[in-house]
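**Q** the amino acid sequence is not available; the structure is as follows:
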């Protein structure tokens, strides 16, 4: 990569995600020559993805603000503000936000997982259809397209 990539906040794609949360694509695979994806979640109490694993990426989550329960395999851990967790590919995991609101940074390597969010999420630059929600079937489809395996319901 010969040039740095810079995207101001108003240039970052924002997507409505599960439970009405927001996922911002900060850096995607195109911006990093496929090396990584960086995203940020703005979510509320109770937000929880299905128990799942990724076959293509390792993930890192840093909880900038808030608290969450994190499951990695059979282990449950409380993640507090400023805490960070590394989740290798093929390790089942999930989380549940336990604070009123949470700000969560995600880094995945290699890049490409943003395609899953783009496939199932709703771009906030377009009007919100009345009653919009992400059906479980669309979430499962997006996950499968991008190397994810949903193993069970949210915890």
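**A** That came through fine. Predicted model, so just to flag it, every value in this text is computed and none were measured.
**Q** from here on, just use CA atoms for contacts and neighbour counts.
**A** Fine.
**Q** how many neighbouring residues does residue 66 have?
**A** 21 (other CA atoms under 10 Å).
**Q** contacting residues around it?
**A** 80-81, 97-103 (CA atoms under 8 Å, 6 or more residues apart in numbering).
**Q** next one: residue 51
**A** Contacts of residue 51 (CA under 8 Å, 6+ apart): 92-94, 150-155.
**Q** what do you get for residue 97?
**A** Contacts of residue 97 (CA under 8 Å, 6+ apart): 43-48, 66-69.
**Q** out of the contacts of residue 66, which sit inside strands?
**A** Using DSSP state E, the members of the contacts of residue 66 that fall in strands are 97, 101-103.
**Q** what comes up buried for the longest helix belonging to the chain?
**A** The residue-count maximum for a helix in the chain (DSSP state H) belongs to helix 136-145. Neighbour-count burial for helix 136-145 flags 139-143 (criterion: 16 or more other CA atoms under 10 Å).
**Q** same question, stretch 30-50
**A** Counting neighbours by 16+ other CA under 10 Å, the buried set in stretch 30-50 is 31-32, 36-50.
**Q** can you measure across it, start residue to end residue?
**A** 27 Å (CA to CA, to the nearest Å).
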